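**Student:** Okay, sequence plus prediction incoming.
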Amino acid sequence: MQKIVCDTLIDALYVLPIAPENRAFKNFSVCLQRDRIEAIGPSHEVLAKYAPEQHLRFPDGILTPGLINAHGHAAMTLLRGAGEDMLLEPWLRQRIWPLESQLVNPEFVEAGVELAIAEMLGRGTTTFVDMYFFPEVAAQVASRSNMRTVLAFPIFDGTNSWARGVEECFRLGFALHDAVRGNPLVNVAFGPHAPYSVSRRTLERIRMYSDELDLPIHIHLHETAAEVAAAHEKEGRSWIAVLDEIGLLNPQLQAVHMTTVTPTEIERFAEAGAHVIHCPGSNMKLADGICPVTAMEAAGINVAIGTDGGASNNSLDVLHDGRLASLLAKIDASRADAGAARDSLRKITLGGARALGREEDLGSIEPGKLADLAVFTPASIASLPLYDPFAALLHNGSAWRAHSVWVGGVQSLTNGVPAHIDVDAMNARLKTQIGRVEAILQKS
Ligand SMILES: [Zn+2]
């Protein structure tokens, strides 16, 4: 029988395809053709059928779908460590927003996003959702780095570093949407910061535009109990109730944080098909509260995981947030079987893909899906023994390193090094921008 020619064949000790079956398959191989996954199966069967141009062997490696970091502010990686041990409200108002007003410009965003992408690729991430100023700059950096991104362009009623008021946010956001049409790596979403920083009228317009353009809406929602209490004082009901009235509870909604929710709100979210983005690292660090993920999933809500920005986590390692999600779920539900490692890995792959409305293309290793993949190899002796590859990656991730990453069939990380980032140029840009941040921190 004549073999079928394919671009790349990857052998791994374990393949974790996530779907249709979420379990570990030993001595499996995955075959890539152009930007898609062509086949997956036992290595001897795939090798008998395909003749690859490139054959990569990872006899001690674990192959997973590329990880999806479903919430963050990539450029804020430059503010990592610049505001520590503070509650959300003073952290934002006294620390982060004043720093941003002096620092944020296109060069700051370019350097910060590039650092974030290098870090995320180095931990197996292939898609990140970003909510930050100058998203057109993030689009360029992601494209040239061969990284997939969803840019939730920021919408505030007031003036910010990027736009003078809400009209300009919409104008620049729509221009970005037009500019990236046909770019396979970049998608756009609406990024209203939060219901307390965007007016009801603006939220109503976002709902209308989202329906017209079929674009998702990414918003910080019910991040703290104080935020919800303020909503009751101002509006006489929660922000979730306000969004529901506007018609924003629908499958396009990606609600980030959700630490303070009632059982009725959980039911309503499930019924509406809205998605929750859980950011356990940021929520714990800012003492926000605990997103009741186990109850949400039992009600049928899809949950994805995000790291949030480098200023509030301080790591963009979404595997680590997967671990935190797992541990927190056990404590929150008082059940050791809550937050199983394989469920956490599903949240940071297929859960993310569903939240982004990209389940057809992303989130699992299945023929026909885009070839977004990560191979993890042992980084230390602590990787031994390997009985359960899900537990290895989730609960002992520091013993494993992302060796290789593909985005759309193109290799973006090779032997731990970003393949399309000029590291010297990146370091020069970082030196300049870190110098600007340090100059301000020294004065304060
Ligand atoms: Zn955030």
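**Tutor:** Done, it's in. Residues are numbered from 1 along each chain as shown.
**Student:** For residue 228, give its distance to residue 122.
**Tutor:** Distance check for residue 228 against residue 122: by CB to CB, to the nearest Å, it reads 37 Å. From N, CA and C alone the C-beta is placed, and that goes for glycine too.
**Student:** Which phi and psi values does residue 295 adopt?
**Tutor:** Residue 295 adopts backbone torsions of phi -70, psi -40, taken as degrees, to the nearest 10.
**Student:** So it sits against residue 264, correct?
**Tutor:** No. Here residue 295 lies out of contact with residue 264, judged by CB atoms under 8 Å, at a distance of 12.0 Å.
**Student:** Provide a list of residues in contact with residue 248.
**Tutor:** The contact partners of residue 248, by CB atoms under 8 Å, 6 or more residues apart in numbering, come to 203, 206-207, 217.
**Student:** again, 7 Å this time
**Tutor:** If a contact means CB atoms under 7 Å, 6 or more residues apart in numbering, then residue 248 has 203, 207, 217 as its contacts.
**Student:** Closest to residue 67 out of those?
**Tutor:** Lowest distance from residue 67 to the contacts of residue 248 (CB to CB) belongs to residue 217, with 22.9 Å.
**Student:** Determine the three-state secondary structure at the residue nearest to that closest one when sequence neighbours are not counted.
**Tutor:** The shortest distance from residue 217 to any non-neighbouring residue, by CB to CB, 6 or more residues apart in numbering, is to residue 190 (4.6 Å). In three-state terms, and counting by DSSP: H, G, I helix; E, B strand; the rest coil, residue 190 is strand.
**Student:** mind listing what residue 190 touches?
**Tutor:** If you count contacts by CB under 7 Å, 6+ apart, residue 190 has them with 152, 155, 206, 210, 215, 217-218.
**Student:** for residue 399, same thing?
**Tutor:** Under the criterion of CB under 7 Å, 6+ apart, the contact partners of residue 399 comprise 378-380, 382-383.
**Student:** Distance-wise, check residue 308 relative to residue 236.
**Tutor:** Distance from residue 308 to residue 236, counting by CB to CB: 30 Å.
**Student:** ok, now residue 272?
**Tutor:** Distance, residue 272 to residue 236, using CB to CB: 21 Å.
**Student:** same check, this time on residue 303
**Tutor:** 29 Å.
**Student:** in the stretch 251-400 of the chain, which spans are helices?
**Tutor:** With DSSP state H, counting those that start in this stretch as the definition, the stretch 251-400 of the chain shows helices at residue ranges 263-272, 280-285, 293-299, 318-333, 341-346, 352-355, 389-395.
**Student:** circling back: residue 272 and residue 236: which is more packed in?
**Tutor:** When neighbours are counted by other CB atoms under 10 Å, residue 272 comes out ahead of the other of residue 272 and residue 236, with 17 against 9.
**Student:** these two touch, right, the more buried one and residue 250?
**Tutor:** Yes. Here residue 272 lies in contact with residue 250, judged by CB atoms under 7 Å, at a distance of 5.7 Å.
**Student:** Mean neighbour count, the helices of the stretch 251-400 of the chain: which tops it?
**Tutor:** Most buried of these, by mean neighbour count (mean count of other CB atoms under 10 Å): helix 352-355, with a mean of 29.
**Student:** Could you verify that residue 61 is part of a strand?
**Tutor:** Yes. With three-state DSSP as the criterion, residue 61 is assigned to a strand.
**Student:** Give me the below-cutoff pLDDT ranges for the stretch 301-444 of the chain.
**Tutor:** Counting by pLDDT under 70, the stretch 301-444 of the chain contains no low-confidence range.
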